[in-house]
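Visitor: have a look at this prediction, sequence included:
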Amino acid sequence: MTTRIGLLLFPRLTQLDLTGPYEVFARLPDVQVLLVGGGEARSDTGLRLSPDVGTSDAPQLDVICVPGGPGVNAAMEDEALLRFLRAQAERAAWVTSVCTGALVLGAAGLLRGYRATTHWLSLDLLPYFGAVPVQERVVIDRNRATGGGVTAGIDFGLRLAAQLRGEKVAQAIQLGMEYDPAPPFRAGSPRSADPELVESVSAARRGLNDERRRIAIRAAAKF
């Protein structure tokens, strides 16, 4: 049986949140990977992405995946998008996200009572949606799978690939991709980066994150 995997498109998503797991999923046997959205979307860095199907005519998906990015703020209050996610989640085998896409799942009411992760700058927003925040690269709780920030999407994709087709298949994909990270700096996590750098990056995102918190509170109040 072909497994249908759908990745959601929306304006100002972070493309690697989507293209990282896409690269993994597209290498799986017997899968159909679809980009699902209402039209062409530009990522937060300007990459153009075109949907294969719209949210109104998408087939039932076995896996639904929501990426993150600055556009999550608007997506959390996009009622049509949230209705689509709720409808898909009723029959999907896996309901998943990468980075701040977890907040969109939360706004749809799909993370209540689940352990989950997201980008470190938004981890403290998960409890608004009844989720249990976990500071890990990938978190799997029953049929919910969430990845941390941006590059964690590849780890997430490989972990989910192992769930779908077994570890040997996932390992072969990892080797084929030569996914063997050796970052040049110990600055990829707030736990290892210099505290001054963490504060600098946090300060640069403060406006976006303050707005995100207000939206998360509004969205959670609708439950």
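Guide: Looks like it arrived, so ask away. Predicted model, so just to flag it, every value in this text is computed and none were measured.
Visitor: where's residue 174, which helix or strand?
Guide: helix 167-176 (DSSP states H and E).
Visitor: packing partners of the following helix or strand past that helix?
Guide: Going down the chain from helix 167-176, the next helix or strand is helix 195-204, by DSSP H and E. Packing contacts for helix 195-204, counted by 3 or more Cβ pairs under 8 Å, 6 or more residues apart in numbering; DSSP states H and E, involve no helix or strand. C-betas here are computed from N, CA, C, even on glycine.
Visitor: circling back: got a list of contacts for the helix holding residue 174?
Guide: Contacts with helix 167-176, where a contact means Cβ atoms under 8 Å, 6 or more residues apart in numbering, come from 24, 27-29, 158-159, 161-162.
Visitor: and what of stretch 215-223?
Guide: Contacts of stretch 215-223 (Cβ under 8 Å, 6+ apart): 73, 76-77, 103, 106-107, 109, 112, 125, 128-130.
Visitor: ok, now stretch 78-92?
Guide: 6, 8, 10, 55, 58, 60-64, 66, 75, 95, 104-105, 107-110, 143.
Visitor: avg pLDDT for stretch 202-222?
Guide: What stretch 202-222 shows for mean pLDDT is 96.
Visitor: next: stretch 40-54.
Guide: The average of the pLDDT scores along stretch 40-54 is 98.
Visitor: now it: buried residues?
Guide: If you call a residue buried by 16 or more other Cβ atoms under 10 Å, then stretch 40-54 has these buried ones: 41, 43, 49, 51.
Visitor: any idea which of those is closest to residue 116?
Guide: residue 43 (23.2 Å; Cβ to Cβ).
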